[in-house]
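A.B. asks: 3D, please:
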Amino acid sequence: MSASLIWITGASSGIGAALARTVPWDGARLVGISRRVPPVGEHLEADLAEPSSWTAVGASFRRELEGFDGDRVVLVHAAGTIEPLGFAGEVDSAAYQRNVILNSAAPQVLGHLFLAAARDVHAERHLVMVTSGAAKSVYAGWTSYGAGKAAIDQWVRDAGAEQEIRGGVRVLSIAPGTVDTGMQAQLRETSEDDFPKRQKFLDLHEAGRLSDADQVARDMWDLLGRGLENGSVVDLRELADA
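C.D. replies: Sure, this is the predicted structure:
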């Protein structure tokens, strides 16, 4: 059995794919949870915007953690979507609903399922949620995305406090900053009518101020060994400046 067992949602692209490429533990077993095949590791196919898919993910947690005798168990929830970009009340309602389910509901439910499955595991256990500065900043055209990230952050604060009382899983929310991924390309291609702060992201790209995805992923992995308080919500940019 591998000493480290890792699940990463959204492992086929963006930050999720970068995290999959940069797992720091030799011989780790990696399971990528996504619609498309991830760049490395095993693949658990799931569309997390469909609640019916969550059962299979929870079953994977329970099956793999029953009798687990390795050193480390990690779930990183990186799946998310910025679509549809545009104002609430104006964008497509079905797409808006998928956004809310994926960004707000799926992290809480999958986090709950992981905590339940990992409860009696005698190993180092981490649950990491990928958040965003959009959880605190105002971006017209990003309503459901920002609300979803704010929901993640509060869930982590509360779940971390609970795990300190009993459970013992280390729960953390990490904002990676502005990273050179497909999501940034989408923002640059969106009209200012739908995303009024588009120019900010055009300027960041033109100035070469987007962070390399793999380096950001390595920095995120490093945080797991820094002994941060359970339930911490952190921004990589602020930690770098500290």
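
A.B. asks: hey, let's count contacts and neighbours off CA atoms from now on
C.D. replies: OK.

A.B. asks: Next, count neighbours for residue 58.
C.D. replies: 18 (other C-alpha atoms under 10 Å).

A.B. asks: Give me the spatial nearest neighbour of it, chain neighbours excluded.
C.D. replies: Leaving out its chain neighbours, the residue that sits closest to residue 58 by C-alpha to C-alpha, 6 or more residues apart in numbering is residue 113, at 5.5 Å.

A.B. asks: Likewise for residue 160?
C.D. replies: Using C-alpha to C-alpha, 6+ apart, the closest residue to residue 160 is residue 231 (3.7 Å).

A.B. asks: So that neighbour versus residue 147, what's the distance?
C.D. replies: Using C-alpha to C-alpha, to the nearest Å, residue 231 is found at 19 Å from residue 147.

A.B. asks: Those two: who's more crowded?
C.D. replies: Between residue 231 and residue 147, counted using other C-alpha under 10 Å, residue 231 has the larger neighbour count: 25 against 17.

A.B. asks: All the helices of the chain, residue numbers only.
C.D. replies: Per DSSP state H, the chain carries helices over the ranges 14-21, 54-65, 93-100, 106-118, 143-165, 182-189, 198-206, 213-223, 236-241.

A.B. asks: Save those helices as TSV, and put in distance to residue 38 too.
C.D. replies: Below are these laid out as TSV (distance: least, C-alpha to C-alpha, whole Å):
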stretch	distance to residue 38
helix 14-21	7
helix 54-65	16
helix 93-100	21
helix 106-118	19
helix 143-165	23
helix 182-189	15
helix 198-206	26
helix 213-223	15
helix 236-241	24
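
A.B. asks: Need the winner for burial among these.
C.D. replies: Among these, the stretch with the highest mean neighbour count (mean count of other C-alpha atoms under 10 Å) is helix 14-21, at a mean of 23.

A.B. asks: what about that helix, average pLDDT?
C.D. replies: For helix 14-21, mean pLDDT is 96.

A.B. asks: pull the CA atoms of it into CSV?
C.D. replies: Below are the C-alpha coordinates for helix 14-21, written out as CSV (Å, rounded to 0.1, in the frame of the first residue of the first chain):
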residue,chain,number,x,y,z
GLY,A,14,-5.8,24.6,-14.1
ILE,A,15,-4.6,24.5,-10.5
GLY,A,16,-5.9,21.0,-10.1
ALA,A,17,-3.7,19.7,-12.9
ALA,A,18,-0.7,21.6,-11.5
LEU,A,19,-1.3,20.1,-8.1
ALA,A,20,-1.4,16.6,-9.6
ARG,A,21,1.8,17.2,-11.5
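
A.B. asks: Pass me the low-pLDDT residue ranges in this structure, would you?
C.D. replies: 1, 240-242 (pLDDT under 70).

A.B. asks: So which residue is dead centre in it?
C.D. replies: Centroid check for the chain by C-alpha atoms, centre = their mean gives residue 78 as the closest residue, at 2.3 Å.

A.B. asks: Contact partners for that one?
C.D. replies: 8, 9, 10, 11, 15, 16, 129, 130 (C-alpha atoms under 8 Å, 6 or more residues apart in numbering).

A.B. asks: how close does it sit to residue 103?
C.D. replies: 10 Å.

A.B. asks: With residue 117 instead?
C.D. replies: On the measure of C-alpha to C-alpha, residue 117 and residue 103 end up 22 Å apart.

A.B. asks: Minimum distance to residue 2: which of the helices of the chain has it?
C.D. replies: Comparison of the helices of the chain against residue 2 by C-alpha to C-alpha identifies helix 54-65 as nearest, at 11.2 Å.

A.B. asks: who's sitting farthest from the centroid in the protein?
C.D. replies: What lies farthest from the middle of the chain is residue 193; by C-alpha atoms, centre = their mean that is 28.1 Å.

A.B. asks: Which residue lies nearest to that residue in three dimensions, sequence-adjacent residues excluded?
C.D. replies: residue 86 (7.9 Å).
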